[in-house]
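In: Sequence and predicted model, in that order:
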Amino acid sequence: MTVTAAVGLGSNLSDRRHHLAAAIAALAENVGRVAAVSSVYETAPVGGPEQGDYLNAVALVETDLDPELVLEALLGIERLMGRERRERWGPRIIDLDLLLYGDRAVDRSGLTVPHPRMAQRHFVLAPLAEVWPHPVLPDGTVLDDALAATADQEVRRLGTLGGAAPYGGPQRTRRVMAGEVLDNVVVVDHPLVQHKLSLMRRKDTPTAEFRRLLREISALLGYEVTRDLPLSLVPIETPLAAMDAPMIEGIKPVIVSILRAGGGILEGMLDVLPAARVGHIGLYRDHETLEAIEYYFKMPDRVEDRMVIAVDPMLATGHSAVAAVNRIKARQPKEIRFVCLLAAPEGIAEFHRHHPDVAIWTAAIDSHLNDKGYIVPGLGDAGDRIFGTK
Ligand code: URA
């Protein structure tokens with residue numbers, strides 16, 4: 001019988017968001033379908049030695065495993081992700097707790113569900129309340145009452161987890177965990193994106209349709225790459241009442257188009273981020289060496305206060321992307337993300353060898369590069385297909 005389990009996640013070491021996303025991917029692989037993931041919350045550590053703040057979230061997993069096997073799987077994921085249990089309440093790469101197992105109360109050696117301390121922890125209750133569908137927990141705790149009783153504990157809602165879908169689970173948008181090379185890569189495998197990409201790959205797709213499809217896909221990629229932008233509440237008035245409404249925090253991001261093919265992605269991104277600033281980097285590939293040569297560079301002001309989204313349809317050898325991000329990093333933006341339509345494993349490896357901190361969003365990872373540096377099966381020369389120059 002399938003039961004919905006609630007799993008609490010926490011991390012307070014190195015790339016905390018990434019550890020949460022990785023654990024969610026591992027839950028999907030080892031425990032069951034991830035039906036929902038809450039927002040991410042930042043909280044000060046409770047007890048233990050001096051240590052950094054935690055990121056916390058709750059995932060709902062539909063599982064056929066018994067609660068003991070779920071617990072075993074959680075401990076296994078913690079071990080695989082490198083958690084060392086050195087001291088109680090000490091800092092950790094990942095902490096996974098089985099909070100709830102359907103409507104059942106379990107009390108057997110080593111396993112108590114509902115989790116015995118969850119009702120005292122706002123950092124568990126706040127994300128849980130976003131996703132758990134029932135107001136009363138199996139041990140009789142009323143979720144709203146427990147939330148109110150712990151409301152003095154400070155937690156900060158940071159928005160959704162980049163790369164893992166906040167609702168509906170990470171099946172469609174996943175942070176790929178299959179191997180070292182694919183670490184920190186989000187494959188946007190939404191059916192609309194995949195369908196449009198297949199149409200674009202066809203060699204007889206005409207230029208006008210290719211361009212239109214690229215614009216549509218780019219808007220969808222833009223939607224995914226901005227999924228976790230932080231929100232804050234701003235007072236507004238509707239025709240009926242005053243309310244505090246969520247608005248994106250901070251100043252506008254910059255989309256940096258890597259010329260010339262980046263222009264194709266830029267248009268679609270601007271459809272969903274119409275107020276974004278735009279930068280350009282002109283690079284061409286030396287056809288002999290496949291190296292990237294720069295011929296143009298123009299960025300908006302205050303880059304240091306902005307997130308930069310660098311765009312180029314094809315991450316092939318990775319040389320242009322590496323060179324572009326080198327130039328962007330010199331301006332010290334708050335964060336850089338890279339968006340492409342297609343990536344080759346070789347390009348991802350080269351890019352992350354130079355820029356492991358820059359996450360990649362792509363619609364697909366293809367098989368390999370051919371000896372001319374083209375992605376196979378790919379879609380041919382993206383620039384030529386966008387601009388009809390062949
Ligand atoms: N650039 C392209 O346009 N296509 C490829 O396959 C590789 C790089």
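Out: Looks like it came in fine.

In: CA only for contacts and neighbour counts going forward, please
Out: Noted.

In: Name the next helix or strand downstream of the lowest-mean-pLDDT helix or strand in the chain, please.
Out: Within the chain, no helix or strand scores below strand 173-175, which has a mean of 39 by mean pLDDT, DSSP states H and E. Under the assignment DSSP states H and E, the closest C-terminal helix or strand after strand 173-175 is strand 185-188.

In: tell me how far that following strand is from the chain's mean position?
Out: 8 Å (Cα atoms, centre = their mean, to the nearest Å).

In: quick one: average confidence on the next helix or strand after that strand?
Out: As assigned by DSSP H and E, the chain's next helix or strand after strand 185-188 is helix 191-201. For helix 191-201, the mean pLDDT works out to 94.

In: Packing partners of helix 191-201?
Out: Counting contacts by 3 or more Cα pairs under 8 Å, 6 or more residues apart in numbering; DSSP states H and E, helix 191-201 packs against helix 207-225.

In: Keeping just the C-alphas, turn the helix it packs on into PDB.
Out: Below are the C-alpha coordinates for helix 207-225, written out as PDB (Å, rounded to 0.1, in the frame of the first residue of the first chain):
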ATOM      1  CA  THR A 207      14.000  29.100 -39.900                       C
ATOM      2  CA  ALA A 208      10.900  30.900 -38.800                       C
ATOM      3  CA  GLU A 209       9.600  28.000 -36.900                       C
ATOM      4  CA  PHE A 210      13.000  27.300 -35.300                       C
ATOM      5  CA  ARG A 211      13.100  30.800 -34.100                       C
ATOM      6  CA  ARG A 212       9.600  30.700 -32.700                       C
ATOM      7  CA  LEU A 213      10.300  27.500 -30.900                       C
ATOM      8  CA  LEU A 214      13.500  28.700 -29.400                       C
ATOM      9  CA  ARG A 215      11.700  31.800 -28.100                       C
ATOM     10  CA  GLU A 216       9.000  29.600 -26.500                       C
ATOM     11  CA  ILE A 217      11.500  27.200 -24.900                       C
ATOM     12  CA  SER A 218      13.600  30.000 -23.700                       C
ATOM     13  CA  ALA A 219      10.600  31.500 -21.900                       C
ATOM     14  CA  LEU A 220      10.100  28.200 -20.200                       C
ATOM     15  CA  LEU A 221      13.700  27.900 -19.300                       C
ATOM     16  CA  GLY A 222      13.500  31.500 -17.900                       C
ATOM     17  CA  TYR A 223      10.600  30.400 -15.800                       C
ATOM     18  CA  GLU A 224      12.700  27.500 -14.300                       C
ATOM     19  CA  VAL A 225      15.900  29.300 -13.800                       C
END
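
In: Go ahead and list the helix or strand containing I386.
Out: Going by DSSP H and E, I386 is part of helix 382-387.

In: ugh, wrong one, I meant L74
Out: helix 67-80.

In: residues in contact with that helix?
Out: By Cα atoms under 8 Å, 6 or more residues apart in numbering, the surrounding residues in contact with helix 67-80 are A23, A26, L27, N30, V31, I94, D95, L96, D97, L98, Y101, L111.

In: Now neighbour count and pLDDT too, for the residues you listed, in a markdown table please.
Out: A markdown table is the format used below for the contacts of helix 67-80 (neighbours: other Cα atoms under 10 Å; pLDDT from 0 to 100):
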| residue | neighbour count | pLDDT |
| --- | --- | --- |
| A23 | 24 | 89 |
| A26 | 21 | 88 |
| L27 | 23 | 92 |
| N30 | 16 | 90 |
| V31 | 22 | 93 |
| I94 | 25 | 91 |
| D95 | 21 | 91 |
| L96 | 22 | 95 |
| D97 | 19 | 94 |
| L98 | 21 | 96 |
| Y101 | 24 | 95 |
| L111 | 14 | 90 |
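
In: which among these gets closest to V136?
Out: Y101 (13.4 Å; Cα to Cα).

In: Without its sequence neighbours, what residue ends up closest to that closest one?
Out: A5 (4.3 Å; Cα to Cα, 6 or more residues apart in numbering).

In: Can you verify my assumption that that neighbour contacts R104?
Out: No. In this structure, A5 is not within contact of R104 by Cα atoms under 8 Å, at 9.9 Å.

In: higher neighbour count, these two?
Out: Under the criterion of other Cα atoms under 10 Å, the comparison of A5 against R104 puts A5 first, with 27 against 15.

In: Kind regards, and thank you for your time.
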